[in-house]
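structure, please.
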Amino acid sequence: MLEFLKQPWPWYIAGPLIGLTVPALLILGNKSFGISSSLRHICAACLPANISFFKYDWKKEAWNLFFVFGILIGGAVAIRLLSNPNPVEVNPKLAAELAGYGITNYDNLIPLDIMNWPALITLKGFLLMVVGGFLVGFGTRYAGGCTSGHAIMGLSTLQWPSLVATICFMVGGFIMANLILPHILAL
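Here you go, the predicted model:
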């Protein structure tokens, strides 16, 4: 059984499982799926209540913190029990392109050639990790939610803003991956 779980799940299994999360949350507790709001709940619980953005009853949303904690624990368990010890398989054409940028190590899910502590002090590493992280966080707040909240929950409940946000996420991703990222990796 563990050998089956170690393989990537096909779309016809993973997709419905993700999709069933939406009605399960709605039916069981009238809750919305989304991860990005949990940071606000953590800040509201830890910071003084004199900041207006954090003045709300975060305890009503404590279930979301347990949900995120469960994702972290589940991820750690999955990595420990289900991780594939073999290097990540990369298409030969992509591997040749990435080799031109100095990315040749596929032993982990994230290329250690560009994502490591020493790389953080380089211009490339700073742009990818710090500036990229800031832009993702800013975009999440500006869009009123993350990709999972909009694309999974928002689209399934037919919310127009979620459709617009998901289209913008996709267009931004295509632009970043095809037009901007090659220039950053070439630094």
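
so where's this structure uncertain?
1-2, 4-6 (pLDDT under 70).

now the helices for it?
2-6, 11-29, 37-46, 62-82, 92-100, 123-125, 132-142, 147, 155-156, 160-175, 181-185 (DSSP state H).

out of the ones you listed, flag the one nearest Leu112.
Of all those, it is helix 123-125 that lies closest to Leu112, at 11.6 Å by Cβ to Cβ. Every C-beta, even on glycine, is put in place using the N, C-alpha and C of the backbone.

quick one: contacts of that closest one?
Here helix 123-125 makes contact (Cβ atoms under 8 Å, 6 or more residues apart in numbering) with Ile114, Met115, Asn116, Pro118, Ala119, Ile184, Leu185, Leu187.

per-domain residue ranges of the protein.
1-83, 114-187 (automatic domain parsing).

mind putting these in CSV, distance to Glu89 included?
Below are these laid out as CSV (distance: least, Cβ to Cβ, whole Å):
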stretch, distance to Glu89
domain 1-83, 10
domain 114-187, 19
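
return the most buried member of these.
domain 114-187 (a mean of 14; mean count of other Cβ atoms under 10 Å).

quick check: the residue lying farthest from the centre of the chain vs Ser37, distance?
Within the chain, the residue lying farthest from the chain centre (Cα atoms, centre = their mean) is Asn50, at 30.5 Å. As for Asn50, its distance to Ser37 is 21 Å (criterion: Cβ to Cβ, to the nearest Å).
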